[in-house]
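Asker: got a sequence here, can you model it:
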Amino acid sequence: MSQSNDNSTEQNVSEGQAASVLVLDESFYIPQLDRYRRVWIYLPEGYTTSKIRYPVFYMHDGQNLFDNDTALAEEWYLDEILTVMNAQCIIVGIDNGEEKRLTEYNVRDHTEHGDGEGKNTWTSSCKR
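Answerer: Down below sits the predicted model:
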């Protein structure tokens, strides 16, 4: 983040002025992994009354994006930053698989970390 003389960006981010963050589903089923995950969604200000079609970004590690209580180490403050920027987009955050995180994200088998489950998950689910 760039620094300014009035510190307005830093102040707004630390105040947590998020537009709207919701838990869309506590146990969304991912058939490629045969597992369940919590799914978060960030909606920009005015979304519910707008007729705009917003771009949607899907992000891993959803537990870290919006809430310090669920973050592994520290919240990434994505909602606060996007709100300050007046970003006109939707973010869908999918929690990671904790101890299975590396195998779920990896698209190749790895001798130390196990089978790359991502080759069956992300490549097939990202097709249009």
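Asker: first-to-last residue distance for stretch 89-108?
Answerer: Distance between the two ends of stretch 89-108: 31 Å, counting by C-alpha to C-alpha, to the nearest Å.
Asker: where do the helices sit along the protein?
Answerer: 8-15, 62-65, 78-85, 101-105, 118-125 (DSSP state H).
Asker: the ones you listed: lowest mean pLDDT?
Answerer: Ranked by mean pLDDT, the helices of the chain bottom out at helix 8-15, with a mean of 36.
Asker: go through stretch 55-67 and flag the buried ones.
Answerer: 60, 62-67 (16 or more other C-beta atoms under 10 Å). No exception for glycine: its C-beta is placed from N, CA and C like everyone else's.
Asker: quick one: the residue lying closest to Ser20 once chain neighbours are set aside and Arg53, what's the gap?
Answerer: Counting by C-beta to C-beta, 6 or more residues apart in numbering, Leu43 is the residue found nearest to Ser20 once chain neighbours are left out, at 4.4 Å. Applying C-beta to C-beta, to the nearest Å, the value for Leu43 to Arg53 is 13 Å.
Asker: between the two, which one's more packed in?
Answerer: Leu43 (18 against 7; other C-beta atoms under 10 Å).
Asker: residues contacting the more buried one?
Answerer: 19-22, 90 (C-beta atoms under 8 Å, 6 or more residues apart in numbering).
Asker: how about Ile41?
Answerer: 21-24, 90-93.
Asker: which strand residues bridge Phe57?
Answerer: Here Phe57 sits in beta bridges with Ile91, going by DSSP bridges.
Asker: need the pLDDT of it.
Answerer: Reported pLDDT for Phe57: 95.
Asker: which ones are touching it?
Answerer: Taking C-beta under 8 Å, 6+ apart as the criterion, Phe57 is in contact with 89-92.
Asker: hmm, try it at 10 Å
Answerer: By C-beta atoms under 10 Å, 6 or more residues apart in numbering, the contact list for Phe57 reads 42, 78, 82, 87, 89-93.
Asker: ok, back up a step: between the buried residues of stretch 55-67, which is nearest Tyr47?
Answerer: Nearest to Tyr47 out of the buried residues of stretch 55-67 is Phe66 (C-beta to C-beta; 15.4 Å).
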